[in-house]
Every structure is written in structure tokens, then in C-alpha cells.
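K.L.:
mind looking at a prediction? Sequence and model below.
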Amino acid sequence: MKKTVNLWQFVGFAFTSLAGTLLHFLYDWTNGSILTAPFSAVNESTWEHMKLLFFPMLVFSIIEWFIFGKEYCNFWRVKLKGILLGLTLIPVLFYTYNGIFGKSPDWINITIFFVSAAFAFLYETRKFNQETSSCKFNKASFVFICLIASAFIILTFFQPKIPFFQDPVTSLYGIPK
């Protein structure tokens, strides 16, 4: 089973990387479709870039659940921790780099996305391969993932006026008018 999990986690990293990259452009490709806004980047803010990691990881987690997830009583707990790790790394790495060097070039921002995804899937793989894992809070973890998804959707349309949500290119917040 470990080889299967390892393979699926690698596929998950590849899927998340590709889907996240495509989601970066989806909103523009659809001429600002309100249907794509909750799941794709509507501007260049840190918040919007976190969506690019979250939604592909969520979709792939659901796929994995049907393939092998039911064999792990801690599946959603591991997934929650992996998602939170990836989501945390994006702003931590971005703001650390910018704090040290000033403005970051696009290739650094892209690298931060891939590194965050890689660490998230490596963490999950390690946890799935451990023989002893706690099965507490598995259902609560799934509910928390759903709450995160809801927050991304709601805050796409109602963004607080704080720098975390501000587009550094246009200085605007949320969906462009």
C-alpha cells in the first residue's frame, strides 16, 4: 500500500502544480467570469495565490479518498495538516523573501508555490507511511477543510482592506472592477 500512496502523492503534487498554474490564468482567460472567480486568482495578492494551492489539493484529496483514503482512519486529518502546511508556507516564504531582498521577481513567486506544494505532499506522504497515527478528529478535519474552502469563496467577493488581500500590481482589493 505504501508504494501506491507514494505514487498517488506524487501524482497529487503534479496535479496541484499544473492545476494551480492553470488557475492562475483562468479568471483572465474567461474574461473575468464570476463563476471562475472563487477558484482562480482574480488578482496578484498573496491571498489569491493561496487559492491556487488550496483548490487543486482539495480536488485531489477527494479523488484520493475514493481510491485509498478509506483505508486510513486519519486521512482527512493528514490532508488538513498538509493543506495548512502548504497554505502557511506561501505567505511565510513570500514575506520572508520580500522582507530580506525587497520585491521578489516572478520566478521566485512561482518557485514559492511549487516548494509549498512539494512540502505539503511530502509531509502527507510521510504521515500516511507512518505505522502509528492517531485517528482522532478525522471528521472534524474534513469539516475544517470545508470551512477553509468557504472562507476562500466568501473572501473572494468580500475582501478586507488589509495588505494581505491587496494586489501589489494595482493596489486594489478583490475582483477588479
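P.N.:
The structure has been received and is ready for your questions. These numbers come from a predicted model, not from an experiment.

K.L.:
ok, the closest residue to Gly82 other than its chain neighbours to Thr111 distance?
P.N.:
Among residues not flanking Gly82 along the chain, Glu124 sits closest, at 3.8 Å (C-beta to C-beta, 6 or more residues apart in numbering). Quick note: C-beta positions are derived from backbone N, CA and C, even for glycine. Distance, Glu124 to Thr111, using C-beta to C-beta, to the nearest Å: 20 Å.

K.L.:
neighbour-wise, which of those two wins?
P.N.:
Between Glu124 and Thr111, Glu124 has the larger neighbour count (other C-beta atoms under 10 Å), namely 27 against 14.

K.L.:
per-residue pLDDT, the more buried one?
P.N.:
Confidence at Glu124, expressed as pLDDT, is 96.

K.L.:
which stretch of helix or strand covers it?
P.N.:
Using DSSP states H and E, Glu124 sits within helix 106-129.

K.L.:
quick check: buried residues in that helix?
P.N.:
Neighbour counts over helix 106-129 (16 or more other C-beta atoms under 10 Å) mark 109, 112-113, 116-117, 119-121, 123-125, 127-128 as buried.

K.L.:
now do stretch 84-98
P.N.:
Under the neighbour-count rule (16+ other C-beta under 10 Å), stretch 84-98 has 84-87, 89-91, 93-94, 97 buried.

K.L.:
and those residues, which is closest to Ser171?
P.N.:
Phe94 (17.2 Å; C-beta to C-beta).

K.L.:
do you know how far the closest one is from Phe142?
P.N.:
In terms of C-beta to C-beta, Phe94 sits 28 Å off from Phe142.
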